[in-house]
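Colleague: just coords:
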């Protein structure tokens, strides 16, 4: 896979040292659960925030609904905001071009849940993962260049920020998915 954007020099992006998956609770803070088995309001208040996106997103499950704010972990908020701004800049600050690339199709960020079909909490449960264009980048589908899947430029942007792209996973690829882990 070739790079379609020029990586910025190290002074332009501060690359955070995101943890390996097994160190997520220690790095981002263990989730405090209430009696109902859900995160407490206090944990959510202390660990999560809301960012504004530079262009409107459409919900993948209801394309008529647009959002311009998403909830994520406080620790990744600045980074995720910069990633969205870089995606918008890559497409010339043109919403129509973003939409043509389907980078406005939002599959979710913070969602307290277990991994699909696996044990353990999803990285979405911590608000440190995001899914884009799930319909064309489905779980278990191998990414293929030139097939209208996740644009290489978007992959490059996330990876320059130290995020892991699920499309590189060998046993269970997830090309819609990016997470703040190393």
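Modeller: It's in. From a predicted model like this one, the values you see are computed outputs, not experimental measurements.

Colleague: Flag every buried residue along the lengthiest helix in the chain.
Modeller: For the chain, the helix with the greatest residue count under DSSP state H is helix 74-90. Within helix 74-90, the residues scored as buried using 16 or more other C-beta atoms under 10 Å are 74-77, 79-84, 86-88, 90. Bear in mind the C-beta positions are built from the backbone N, C-alpha and C, glycine included.

Colleague: Name the nearest of these relative to residue 132.
Modeller: Proximity of these to residue 132 (C-beta to C-beta) peaks at residue 87, which lies at 9.0 Å.

Colleague: what separates that closest one from residue 98, distance-wise?
Modeller: 7 Å (C-beta to C-beta, to the nearest Å).

Colleague: doesn't residue 177 make contact with residue 138?
Modeller: No - in terms of C-beta atoms under 8 Å, residue 138 does not count as a neighbour of residue 177; the distance is 10.3 Å.

Colleague: Phi first, then psi, for the most centrally placed residue in the chain.
Modeller: Residue closest to the mean C-alpha point of the chain, counted by C-alpha atoms, centre = their mean, is residue 130 at 2.4 Å. Residue 130 has phi and psi values of phi -140, psi 140 when expressed as degrees, to the nearest 10.

Colleague: Next: residue 24.
Modeller: According to degrees, to the nearest 10, residue 24 has phi -60, psi -50.

Colleague: need the contact list for the closest residue to it other than its chain neighbours.
Modeller: Closest residue in space to residue 24, ignoring its immediate chain neighbours: residue 126 at 6.0 Å, by C-beta to C-beta, 6 or more residues apart in numbering. Counting by C-beta atoms under 8 Å, 6 or more residues apart in numbering, residue 126 makes contact with 24, 28, 31, 47, 73, 110.

Colleague: Let's see that with 10 Å instead.
Modeller: Residues near residue 126 by C-beta atoms under 10 Å, 6 or more residues apart in numbering: 24-25, 27-31, 39, 47-48, 72-73, 75-76, 110, 112, 179-181.

Colleague: Quick check: the gap between the residue nearest to residue 21 when sequence neighbours are not counted and residue 50.
Modeller: The shortest distance from residue 21 to any non-neighbouring residue, by C-beta to C-beta, 6+ apart, is to residue 181 (5.3 Å). From residue 181 across to residue 50, the span is 22 Å (C-beta to C-beta).

Colleague: what about the strands in the chain?
Modeller: Remark: strands assigned in the chain by DSSP state E are 48-59, 62-73, 105-108, 129-132, 164-165, 177-179.

Colleague: Tell me how many other residues crowd residue 140.
Modeller: 12 (other C-beta atoms under 10 Å).

Colleague: Sorry, slip of the keys, the one I care about is residue 107.
Modeller: Neighbour tally, residue 107, other C-beta under 10 Å: 20.

Colleague: That's all I had, so thanks and see you.
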